[in-house]
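[1] With the sequence up front, the predicted model follows.
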Amino acid sequence: METTYYDHGTAAERWERARLFFDARDYAGAARVLDGLVEEVPEQTGPRLLLARSYYHSAQLRRAEAELRVIVERDPVEHYARLMLGRTLQRQGRHEEAATHLRIASAFTGEFEA
């Protein structure tokens, strides 16, 4: 296997590199690092959530949706993943489906619509 800059180093080093890419608004670069990291540690929510956010910000909405659905399936009360899933669905024009997730996210945070 050929090692590239994106998959070089320990999991902790790649996590830090992905965060640097994300903070620099290089969302596609962050996603390239995180994709391999999520494969390596699929049980961890943090890398998967940052991967979903990277996909969202780089307009890879179907990929963002897939990652967010994995998180919500594993942890139904993860309110930020619910919020992001709702916003991702909104950007895809799936407003009715989005509303469900946005209401659930609001309920978890106590921010009910009047």
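    Alright, I've got the coordinates. These numbers come from a predicted model, not from an experiment.
[2] And residue 60, how far from residue 27?
    9 Å (Cβ to Cβ, to the nearest Å). Bear in mind the C-beta positions are built from the backbone N, C-alpha and C, glycine included.
[3] Spell out which helix or strand contains the residue nearest the centre of the chain, please.
    What sits nearest the mean C-alpha location of the chain, by Cα atoms, centre = their mean, is residue 52, with 2.0 Å. If you go by DSSP states H and E, residue 52 is part of helix 45-57.
[4] any idea of the mean pLDDT for that helix?
    For helix 45-57, the mean per-residue pLDDT is 97.
[5] Would you mark the buried spots in the lowest-mean-pLDDT helix or strand in the chain?
    Here the helix or strand of the chain ranked lowest by mean pLDDT, DSSP states H and E is helix 95-109, holding a mean of 92. For helix 95-109, a neighbour-count test (16 or more other Cβ atoms under 10 Å) marks 98, 101-102, 104-106 as buried.
[6] Dump the C-alpha coordinates for that helix into PDB.
    These are the backbone C-alpha positions of helix 95-109, laid out as PDB (Å, rounded to 0.1, in the frame of the first residue of the first chain):
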ATOM      1  CA  HIS A  95     -37.800  19.700   3.500                       C
ATOM      2  CA  GLU A  96     -40.500  17.500   4.900                       C
ATOM      3  CA  GLU A  97     -37.900  14.800   5.900                       C
ATOM      4  CA  ALA A  98     -35.600  17.500   7.200                       C
ATOM      5  CA  ALA A  99     -38.300  19.000   9.500                       C
ATOM      6  CA  THR A 100     -38.600  15.700  11.400                       C
ATOM      7  CA  HIS A 101     -34.900  15.700  12.300                       C
ATOM      8  CA  LEU A 102     -34.800  19.400  13.000                       C
ATOM      9  CA  ARG A 103     -37.800  19.100  15.500                       C
ATOM     10  CA  ILE A 104     -36.000  16.200  17.200                       C
ATOM     11  CA  ALA A 105     -32.800  18.200  17.500                       C
ATOM     12  CA  SER A 106     -34.800  21.100  18.900                       C
ATOM     13  CA  ALA A 107     -36.400  18.800  21.500                       C
ATOM     14  CA  PHE A 108     -33.100  17.400  22.600                       C
ATOM     15  CA  THR A 109     -31.700  20.900  23.200                       C
END
